[in-house]
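*Asks:* show me the folded form of this:
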Amino acid sequence: MDDPVIMPLEQEEDKTLERTLRPKTIRDYFGQERVKENLRIFMEAARQRKDVLEHVLLYGPPGLGKTTLAYIIAREMSVNIKVTSGLAIERSGDLAAILTSLEKGDVLFIDEIHRLRRLIEEVLYPAMEEFSLDLVVGKGPGAKTLRLDLQKFTLIGATTRMSLLSSPLRDRFGNIFRIEYYEDKEITQILKRSARILKVELPEDVAALLAKRSRKTPRVANRLLKRVRDYAQIRNNGKIIRALAEEALSKLAIDHMGLDFTDRKILQTIIENFQGGPVGLETIAAITAEELETIATVHEPFLLQMGLLARTTRGRIATHAAYAHLHKIAPVELQTKLL
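*Replies:* Numbering: from 1, shown residues only. Sure thing, here's the model as predicted:
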């Protein structure tokens with residue numbers, strides 16, 4: 001099983017931690033400069049027109065701050081936010097209840113919006129385009145369609161699987177932003193801010209160490225900071241030093257690139273069982289006994305980002321960097337596979 005410390009997917013412990021550490025304004029939100037600049041312009045334009053912000057779609061790997069951005073948008077626009085998820089909306093009546101409760105300008109945030117059922121999506125289309133809700137009253141030949149007017153609102157959708165989002169739904173978003181992995185220096189800034197909020201003294205070299213091993217993901221970085229803080233509290237009277245941080249990370253099986261046990265197992269499977277690939281994700285999931293969804297949304301994007309995995313039309317291939325990371329000799333024909 002994956003270690004919850006390194007998994008970018010939200011865990012139970014994150015709910016309290018992220019409420020404490022979550023930036024409240026766009027100024028305190030580090031990284032994603034292109035997205036922030038565009039959002040500033042679009043929000044200011046909407047405020048000047050005294051109108052609602054166009055619907056926003058945020059996509060990218062988990063743990064990069066999509067939910068945080070949704071809260072910031074609501075706060076910057078001085079409106080309320082209602083939060084739900086694609087899986088939580090099971091019936092059209094559930095969506096209708098949410099939409100009719102919204103006041104003018106409110107933000108409706110739907111996490112993992114690609115999980116919405118197609119029937120629910122069809123109810124959402126007129127709500128997004130015309131701010132109206134079509135309800136069917138009665139059954140059989142006597143059934144009638146009743147149209148209810150809604151208050152103008154902003155829908156913010158977040159997804160980790162953009163490819164699974166239907167085209168009709170995607171096309172109804174006026175603003176679509178990809179949330180990218182963070183640079184180490186941006187993660188360092190986030191860690192320093194989190195340390196101040198947690199009232200922890202974080203040396204510069206330790207902040208850089210945690211940033212390098214945080215999978216370029218703020219959620220993971222904050223978890224690592226919390227673990228190192230706990231380790232220092234028990235082992236060193238609360239004082240964080242580099243040697244102690246390295247020991248804590250070693251205990252958590254997180255290597256110098258931020259890879260965990262499952263990341264290394266995936267690479268080892270490709271190299272040892274399939275001579276470096278190509279091999280499909282379904283086969284990798286079956287052999288490693290990991291969920292296909294987890295590999296596709298968590299592990300593969302990070303391994304691709306780090307240059308350890310290549311994606312081809314025939315399947316996934318371990319790169320020269322993957323062989324080097326696992327201290328293995330790459331076959332001479334590897335370059336041909338990567339072409």
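
*Asks:* pretty sure residue 120 is touching residue 93, no?
*Replies:* No: contact criterion CB atoms under 8 Å: residue 120 and residue 93 do not qualify, at 10.1 Å. Using the backbone N, CA and C atoms, a C-beta is placed for each residue, glycine as well.

*Asks:* compare those two and say which is more crowded by neighbours.
*Replies:* Under the neighbour definition other CB atoms under 10 Å, residue 120 and residue 93 were set side by side, and residue 120 has more, 18 against 11.

*Asks:* most centrally placed residue in this protein?
*Replies:* Centroid check for the chain by CA atoms, centre = their mean gives residue 62 as the closest residue, at 2.1 Å.

*Asks:* that one contacts residue 298, correct?
*Replies:* Yes: if you go by CB under 8 Å, residue 62 and residue 298 touch, sitting 6.6 Å apart.

*Asks:* near residue 192, how many other residues are there?
*Replies:* Residue 192: 15 surrounding residues under other CB under 10 Å.

*Asks:* swap that for residue 83, please
*Replies:* For residue 83, the neighbour count with other CB under 10 Å is 15.

*Asks:* who are the contact partners of it?
*Replies:* Contacts here follow CB atoms under 8 Å, 6 or more residues apart in numbering; on that basis residue 83 touches 67, 70, 109, 111.

*Asks:* please check those and keep the buried ones.
*Replies:* Neighbour-count burial (16 or more other CB atoms under 10 Å) is assigned, among the contacts of residue 83, to 67, 70, 109, 111.

*Asks:* follow-up on the earlier one: can you pick out the most distant pair from the contacts of residue 83?
*Replies:* Taking every pair in the contacts of residue 83 and measuring CB to CB, the maximum separation is 8.4 Å, between 70 and 111.

*Asks:* between those two, which contacts overlap?
*Replies:* Listed contacts common to residue 70 and residue 111 are 83, 158; contacts here mean CB under 8 Å, 6+ apart.

*Asks:* number of nearby residues for residue 315?
*Replies:* Applying other CB under 10 Å, we find 18 other residues in the vicinity of residue 315.
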